[in-house]
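*Asks:* Provide a 3D model corresponding to the input given below.
(one chain, ligands or ions: 1)
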Amino acid sequence: MISALERFWLLGTQGKPARLVRQIALSNQIGILGALATLPYQVFYLLYDIELYWPVFVCNLVFMAVYLAVPLINRRGDHSRARNLVLINGCTQIFVVTFFIGGGAGIHLFYFAIGSIQALIFRRHHSWLLVAVLAGVIALFMICEFVFTEGVTPLPPAMVPFIFTISVIGTMALSGSFSHLFRTEIDRAEERLIRNNRDLEKLSTTDQLTGLANRRSLDQFLASADLPGGIASAQPLSVLMCDVDCFKPYNDYYGHQAGDDCLRRIAQTLTDVVRRPTDLVVRYGGEEFVVVLPHTAEADASVIAERVREAVDQLQIPHAASTVADHVTLSIGLSALGREESRRAAQVFSRADQALYEAKTQGRNRVVVGT
Ligand SMILES: Nc1nc2c(ncn2[C@@H]2O[C@H](COP(=O)(O)OP(=O)(O)OP(=O)(O)O)[C@@H](O)[C@H]2O)c(=O)[nH]1
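*Replies:* Here you go, the predicted structure:
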């Protein structure tokens, strides 16, 4: 039942921007709830004395038809007309019904429900427009309260408190439902926003090809350290700069797609070998990877670097165009900082880069420790 209603009040919202969706959904909701709120009164007129109350009964039928037409008008894309129509219909209905049955029934209390949603239903709420509409609603309320006290077909006095109670409950239920529905909409929009932000954040810090952290992520990692341009002090730290050997010939020989697959496998191998949660494996550039090993001194870092090199070696990815081996190999430059050394990120990286250069010039497929 609820989901059928929901589908009905979402008519016309498909593909529309969020702000417009709220306006459309809200006018549809007023239409549906307006029609539903009229039902108990109609039942009363019908069962109690339809001969006396037929004029108000017939008018209500027209108002209900207009309410239910609102989602259909929204589906046609005529959103402003739908919104204006539902508001005018609601105000007129309260006015006409009070004219017939008198102010004692409290029907004009529904003006409170209408007043309470003004700011929500106009997309760009100009304050002058809100004030004008609210002034109009208040004027209508006053007329109902002070002019239509009796009504042309008044309710039997014994029924007045009963109908008045229904009106009070109806007004509260309607205002509460609108607030609840609107709140639900805002919660959904907020959740969407948070999810999108999280996705964007992940996208901006992740390398699309390998799924590793990217260079931006590395910069953030380094910037989160407690020295300007440096890395948290008082603990040793090592950086491995890894570069696939003869990768250009690999691409040329096997094709770019195979090159991508090769990089993915190497990335996976790096994450398999470097497993401490505080470590960071980054795709630094094309075929270059960086591994940051916090709390790791040179001796341990050398062991890890050798493990990384070996693991890639053992993948035995064929490389017929390599000058080093018949399979893909990795050169690694290692830069380690002791506890007491000054810690500037740029310095650690240039030292690792220099060591990598040494590894390349010494014949590749090796680990060189920077000094
Ligand atoms: N398939 C693929 N290739 C890439 C990607 N990024 C960079 N490359 C290629 O990696 C190659 C790197 O070549 P070079 O920098 O000359 O290095 P190399 O051939 O590995 O030589 P050495 O490092 O000296 O052993 C270039 O041909 C780039 O086009 C990528 O995302 N996918």
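*Asks:* So which bits of the chain are right by the ligand?
*Replies:* 209, 243-249, 251, 256, 259-260, 263, 286-287, 360, 364 (Cβ under 6 Å from any ligand atom). C-beta coordinates here come from the backbone N, C-alpha and C atoms, glycine included.
*Asks:* quick one: which of these sit in helices?
*Replies:* Under the assignment DSSP state H, those contribute 247-249, 251, 256, 259-260, 263, 360 to helices.
*Asks:* Can you tell me which of the residues of the chain next to the ligand are buried?
*Replies:* Neighbour counting with 16 or more other Cβ atoms under 10 Å marks 243-247, 251, 259, 263, 287, 360, 364 as buried within the residues of the chain next to the ligand.
*Asks:* in the stretch 51-200 of the chain, which spans are helices?
*Replies:* Assigned by DSSP state H, counting those that start in this stretch, the helices in the stretch 51-200 of the chain fall at 79-101, 110-116, 118-121, 127-146, 160-205.
*Asks:* Take the ones you listed and lay them out in TSV including distance to Ala65 and mean pLDDT.
*Replies:* Formatted as TSV, the helices of the stretch 51-200 of the chain follow (distance: least, Cβ to Cβ, whole Å; pLDDT from 0 to 100):
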stretch	distance to Ala65	mean pLDDT
helix 79-101	10	95
helix 110-116	18	91
helix 118-121	21	79
helix 127-146	21	92
helix 160-205	19	89
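*Asks:* Now mean neighbour count too, for those helices, in CSV please.
*Replies:* Formatted as CSV, these follow (neighbours: other Cβ atoms under 10 Å):
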stretch, mean neighbour count
helix 79-101, 20
helix 110-116, 21
helix 118-121, 17
helix 127-146, 14
helix 160-205, 14
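*Asks:* From the ligand, how far out is the residue sitting furthest away from the middle of the chain?
*Replies:* Using Cα atoms, centre = their mean, the residue of the chain lying farthest from its centre is Glu51. It sits 55.3 Å away. Glu51 sits 84 Å away from the ligand, taking Cβ to the nearest ligand atom, to the nearest Å as the criterion.
*Asks:* Likewise for Arg275?
*Replies:* The gap separating Arg275 from the ligand is 25 Å, by Cβ to the nearest ligand atom.
*Asks:* Pro17 too?
*Replies:* Computed with Cβ to the nearest ligand atom, the distance linking Pro17 and the ligand is 36 Å.
*Asks:* who touches the residue nearest the centre of the chain in this structure?
*Replies:* Central residue of the chain (Cα atoms, centre = their mean): Arg192, 1.8 Å from the mean position. Contact analysis of Arg192 by Cβ atoms under 8 Å, 6 or more residues apart in numbering lists Ala18.
*Asks:* shaky segments in the chain?
*Replies:* For the chain, the stretches flagged by pLDDT under 70 are 1-2, 123-125, 225-234, 339-344.
*Asks:* how's it carved up into domains?
*Replies:* Domain assignment of the chain by automatic domain parsing yields the ranges 2-202, 215-369.
*Asks:* what's the nearest residue to Ser177 if we skip its chain neighbours?
*Replies:* Leu33 (6.0 Å; Cβ to Cβ, 6 or more residues apart in numbering).
*Asks:* do the same with Gly363
*Replies:* Once flanking residues are discounted, Gly363 sits nearest to Val324: 7.2 Å by Cβ to Cβ, 6+ apart.
*Asks:* Can you report how many residues lie near the one you found?
*Replies:* Per other Cβ atoms under 10 Å, the neighbour tally for Val324 reads 16.
*Asks:* and it, what is it in contact with?
*Replies:* Contacts for Val324 (Cβ under 8 Å, 6+ apart) come out as 245-246, 363-365.
*Asks:* again, only using 10 Å
*Replies:* Listed by Cβ atoms under 10 Å, 6 or more residues apart in numbering, the contact partners of Val324 are 245-246, 330-331, 363-366.
*Asks:* what does Ala65 give?
*Replies:* Shown in contact with Ala65 (Cβ under 10 Å, 6+ apart): 35, 89.
*Asks:* run the last query once more with 8 Å
*Replies:* Here Ala65 is in contact with no residue (Cβ under 8 Å, 6+ apart).
*Asks:* Now tabulate the helices of the stretch 51-200 of the chain in CSV and tack on distance to Val21.
*Replies:* What follows is these, written out as CSV (distance: least, Cβ to Cβ, whole Å):
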stretch, distance to Val21
helix 79-101, 10
helix 110-116, 20
helix 118-121, 13
helix 127-146, 21
helix 160-205, 8
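*Asks:* and of those, who's closest to His319?
*Replies:* Using Cβ to Cβ as the measure, helix 160-205 is the one of the helices of the stretch 51-200 of the chain that comes nearest His319, at 30.8 Å.
*Asks:* The closest one to helix 79-101, inter-axis angle?
*Replies:* 170 degrees (axes from the mean of the first three to the mean of the last three Cα atoms, to 10 degrees).
*Asks:* And for the helix or strand just after helix 160-205, what's in contact with it?
*Replies:* The helix or strand immediately downstream of helix 160-205 is helix 215-223, counting by DSSP states H and E. Outside helix 215-223, the residues that touch it by Cβ under 8 Å, 6+ apart are 204-206, 213, 229-231, 280, 282-285, 290, 292, 345.
*Asks:* Can you give the distance from helix 215-223 to the centre of its chain?
*Replies:* Helix 215-223 has its C-alpha centroid displaced from the chain centroid by 25 Å (Cα atoms, centre = their mean, to the nearest Å).
*Asks:* and that helix, C-alpha only, in PDB?
*Replies:* This file holds the C-alpha atoms of helix 215-223, laid out as PDB (Å, rounded to 0.1, in the frame of the first residue of the first chain):
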ATOM      1  CA  ARG A 215      50.300   9.900  -6.000                       C
ATOM      2  CA  ARG A 216      47.700  12.300  -4.500                       C
ATOM      3  CA  SER A 217      47.100   9.800  -1.800                       C
ATOM      4  CA  LEU A 218      50.800   9.600  -1.100                       C
ATOM      5  CA  ASP A 219      51.000  13.400  -0.900                       C
ATOM      6  CA  GLN A 220      48.100  13.400   1.700                       C
ATOM      7  CA  PHE A 221      50.000  10.700   3.600                       C
ATOM      8  CA  LEU A 222      53.100  12.700   3.700                       C
ATOM      9  CA  ALA A 223      51.300  16.000   4.500                       C
END
